[in-house]
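Novice: Have a look; sequence and predicted model below, questions after that.
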Amino acid sequence: MALPCVSKHPSEIRAVVINWAADIGTATITDSEFTIETFSGDSAPLTLDSQVEEDRKITPLFAGGSSGKTYQVENKVTLSDGQELVYEFDIEVIDQ
């Protein structure tokens, strides 16, 4: 199954909204971590600029990335009830 994909330009700072509400019920998010795939020799890797958590949604802002590369991103959240959930998606960097 293909992962959800977001496109961005190398010079953009792009927001992606991850809505955890349906998956977490009444629990709250106590921690959120992002892992971004890396490529050897990538001169302009995709980076996490910042993230905001609000009302069971995580909104990361991504910067950079090399044109023509597709980066796999993982968001792992820890919940107040002890669960750890993972959401994965791709960010395709295109110079258009």
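Specialist: In hand now; what should we look at?
Novice: and the nearest residue to Ile94 once chain neighbours are set aside, what does it touch?
Specialist: Among residues not flanking Ile94 along the chain, Ser7 sits closest, at 5.6 Å (CB to CB, 6 or more residues apart in numbering). For the C-beta atoms, the positions are set from N, CA and C on the backbone; glycine is no exception. Residues near Ser7 by CB atoms under 8 Å, 6 or more residues apart in numbering: Ile91, Glu92, Val93, Ile94.
Novice: Tell me which two in the residues you listed are the farthest apart.
Specialist: With distances taken as CB to CB, the most widely separated pair in the contacts of Ser7 is Ile91 and Ile94, at 10.2 Å.
Novice: More neighbours: which of the two?
Specialist: The neighbour count for Ile91 versus Ile94, taken as other CB atoms under 10 Å, is higher for Ile91 (22 against 13).
Novice: roughly how far apart are the more buried one and Arg14?
Specialist: Using CB to CB, to the nearest Å, Ile91 is found at 7 Å from Arg14.
Novice: Give the buried residues for stretch 27-36.
Specialist: Residues of stretch 27-36 classed as buried: Ala27, Ile29, Ser32, Ile36 (neighbour count, 16 or more other CB atoms under 10 Å).
Novice: The residue nearest the centre of the chain: what's it in contact with?
Specialist: The chain has Val73 as the residue nearest its centroid, 5.1 Å off, counting by CA atoms, centre = their mean. Residues near Val73 by CB under 8 Å, 6+ apart: Val16, Phe34, Thr35, Ile36, Glu37, Leu46, Phe62, Glu88, Phe89, Asp90, Ile91.
Novice: does it sit in a helix, a strand or a coil?
Specialist: strand (DSSP: H, G, I helix; E, B strand; the rest coil).
Novice: how far away is it from Ile36?
Specialist: 5 Å.
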